[in-house]
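> 3D, please:
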Amino acid sequence: MLKNSNNTYLFVINFLLILQLIFLFAIKYINQDLSLIYFSPLLTGNVINLLIYLGLILGIFLGLTNKKFALTKKTINSFLIISWFLLIISLLSTKFKIIAENVYFYEQPGDKVLTGILFLLFLLSLLYYLVLIWSYFFGKKRPAFIQNFTGTVLISIASLILILLYIDNVGYASSRWSLKKSEKNIAVVLGAAVWSGNIPSPTLSSRVDKAVELLDNGFVGKIVFTGGSAPGELPEAEVAYEYAKVKGIDTSKVLLENSTANTADQMRWIKNNLIEKADSIDDIIIVSDAYHLPRAIEISKFFELDLKVAESDHRQDARDKLLTKIREAIALFNFWNFAL
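A predicted model of the protein is given here:
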């Protein structure tokens, strides 16, 4: 009877974990207004999610079926309650305005920052219990909180280091994208920061310079400037447009998109507004900086976009380059796991 009870409990736990994984997948596509018909288990982020849950399911199975290990139902129950709670409130944070629209943190809307923190706490809960569950297999006594917390932090740091290596060595290389001259090509300049006084930041101006270069050399026939605005600023797209006019661009070959707030928004805009006109477009070329292109490419894969890329000539000193890459690694980590 006791064995049947344990089997039933194990079945219920596994069912709830699989259901949570499916729910997480659904949230990722909901976050980007995409149907689940676009789901692919081969996308990097989905593979990461699958591996984490496989580790949890296997660890719980071994912990409950092997009497040598002291994994308790109380531990498992607390994990499920905490993880489900964090996942649900993370989803709710995407549907309700909690922070005022004019509140920004590091040029990001406060609501999006809050959502990112909540999803990150959810992921950390998964990693913490993954470390906790497997610690029972390698320790003679119940693992201490500080040991599990340290293990969670080390896994997170190792993940960021791997993503940094990916950005430098795997994610993007100019030689992988050969551009062909065509009036039917269109360059999409991804938005970047605007400085006070509606002055384009060096990042934004260098992207515009690259797009103008592509137009002047016959690689594209039109340019789209993208990007909305933070409070008190003109939209990034309009600032880019004004800068391009000073550079002498033919304004009849320019389109503006001034409602998107981030790279994912811009990829969605490309999918909804340019791809449907694919008969009149040969290649869509996204223009950004080398450090940003790996994340842009990963996001384009999520939207099933087949894009070309062009790297701006923007260069940074060693300190700014390191900080920027760390920021990009964190952003890519968030997108892979939650499509944020």
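> residue 115 and residue 129, how far apart?
Taking C-beta to C-beta, to the nearest Å as the criterion, residue 115 is separated from residue 129 by 22 Å. C-beta coordinates here come from the backbone N, C-alpha and C atoms, glycine included.
> do the same with residue 167
From residue 167 across to residue 129, the span is 29 Å (C-beta to C-beta).
> now do residue 39: how many residues are near it, please.
14 (other C-beta atoms under 10 Å).
> contacting residues around residue 35?
Residues near residue 35 by C-beta atoms under 8 Å, 6 or more residues apart in numbering: residue 29.
> tell me where the stretch 201-340 of the chain has strands.
Counting by DSSP state E, counting those that start in this stretch, the stretch 201-340 of the chain forms strands over residues 222-226, 254-257, 284-288, 308-311, given from the N-terminal end onward.
> in TSV: the ones you listed, plus distance to residue 76 and mean neighbour count.
What follows is those, written out as TSV (distance: least, C-beta to C-beta, whole Å; neighbours: other C-beta atoms under 10 Å):
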stretch	distance to residue 76	mean neighbour count
strand 222-226	46	25
strand 254-257	48	18
strand 284-288	44	25
strand 308-311	45	20
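> now this protein, which segments are flagged as low pLDDT?
Across the chain, the ranges flagged by pLDDT under 70 are 1-3, 68, 100-102, 104-108, 139-143, 170-177, 230-232, 277-279.
> what ranges do the helices span in the stretch 51-200 of the chain?
In the stretch 51-200 of the chain, helices defined by DSSP state H, counting those that start in this stretch lie at 73-93, 110-135, 145-169, listed in chain order.
> which of these is buried the deepest?
Of these, the one with the most neighbours on average (mean count of other C-beta atoms under 10 Å) is helix 110-135, at a mean of 20.
> what's it packed up against?
In terms of contacts (3 or more C-beta pairs under 8 Å, 6 or more residues apart in numbering; DSSP states H and E), helix 110-135 is packed against helix 44-65, helix 73-93, helix 145-169, helix 318-338.
> next, format those as CSV and append distance to residue 218.
Converted to CSV, the helices and strands packed on helix 110-135 look like this (distance: least, C-beta to C-beta, whole Å):
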stretch, distance to residue 218
helix 44-65, 35
helix 73-93, 47
helix 145-169, 31
helix 318-338, 31
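> now for these, which one comes closest to residue 241?
Across the helices and strands packed on helix 110-135, the minimum distance to residue 241, taken as C-beta to C-beta, is reached by helix 318-338, at 24.9 Å.
> pull the distance from that closest one to the chain's centre.
On the basis of C-alpha atoms, centre = their mean, to the nearest Å, the separation between the geometric centre of helix 318-338 and that of its chain is 10 Å.
> quick check: buried residues in it?
325, 328-329, 331-338 (16 or more other C-beta atoms under 10 Å).
> closest to residue 21 out of these?
Within these, the smallest distance to residue 21 is 12.0 Å, found for residue 337 (C-beta to C-beta).
> ok, that closest one - contacts?
By C-beta under 8 Å, 6+ apart, the contact list for residue 337 reads 45, 48-49, 119, 123.
> which one of the helices and strands packed on helix 110-135 lies closest to residue 203?
Each of the helices and strands packed on helix 110-135 was checked against residue 203 via C-beta to C-beta, and the shortest separation belongs to helix 318-338, namely 9.1 Å.
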